[in-house]
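Asker: Structural data only, the sequence is not supplied:
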């Protein structure tokens, strides 16, 4: 069970994080524009850099918003009197863990698994197009400009030229 002083210390830290995250989100919302009216006269490398910076900012903003949700949830738990108690097991969360991760609502043993898949930007979740590595083999299945008569061996059709089924 947390003492009143420990709870006050953690609440102060959570309020500080909330203020910092809120300012960060508000500040980033105001500075999204590149200042350029047109990208026509920009070098492609400059456009690539702007795209990278824009995508990085989107990822950082998403991370900040997710952290703010966790901070607000922890502050709500303090107001409800459930802060410092694991949501899953009902056991007390050690003060040292709460100092390290003030937004946690779970003990170490019961922390929900976090996969990287949920922490990735949208572009990484899109399916990758066919890279064209096997495109010649796909087209060759329908025939090439070579005919069986172009070869010395006596073959009647293309399938007789292949040794393995993988080469077809």
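Answerer: In hand now; what should we look at? Please read these numbers as outputs of a predicted model, since none were measured by experiment. Numbering: from 1, shown residues only.

Asker: any idea of the pLDDT on residue 26?
Answerer: Note for residue 26: predicted pLDDT of 85.

Asker: Next SSE downstream of the helix-or-strand element of the chain with minimal mean pLDDT?
Answerer: When each helix and strand of the chain is scored by mean pLDDT, DSSP states H and E, helix 122-125 comes last, with a mean of 62. The C-terminal neighbour of helix 122-125 among helices and strands, as given by DSSP states H and E, is helix 135-140.

Asker: Helices along this protein, start to end?
Answerer: With helices called from DSSP state H, the chain shows them at 4-30, 44-80, 95-100, 122-125, 135-140.

Asker: Report all helices and strands that the second one contacts.
Answerer: For helix 44-80, the elements it packs on are helix 4-30, judged by 3 or more C-beta pairs under 8 Å, 6 or more residues apart in numbering; DSSP states H and E. C-beta: built from backbone N, CA, C; applies to glycine.

Asker: Quick one: list the elements packing against the helix it packs on.
Answerer: Judged by 3+ C-beta pairs under 8 Å, 6+ apart, helix 4-30 is in contact with helix 44-80, helix 95-100.

Asker: Helix 4-30 and the longest one, what's the angle between them?
Answerer: Helix 44-80 runs at 150 degrees relative to helix 4-30, counting by axes from the mean of the first three to the mean of the last three C-alpha atoms, to 10 degrees.

Asker: hmm, back to that, turn the helices and strands packed on helix 4-30 into JSON lines, columns for mean neighbour count, distance to residue 10 and mean pLDDT.
Answerer: Converted to JSON lines, the helices and strands packed on helix 4-30 look like this (neighbours: other C-beta atoms under 10 Å; distance: least, C-beta to C-beta, whole Å; pLDDT from 0 to 100):
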{"stretch": "helix 44-80", "mean neighbour count": "14", "distance to residue 10": "8", "mean pLDDT": "90"}
{"stretch": "helix 95-100", "mean neighbour count": "14", "distance to residue 10": "6", "mean pLDDT": "93"}
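
Asker: for these, which one sits closest to residue 2?
Answerer: helix 95-100 (6.3 Å; C-beta to C-beta).

Asker: How is the chain divided into domains?
Answerer: The chain breaks down into these domains under automatic domain parsing: 4-33+42-125, 135-167.
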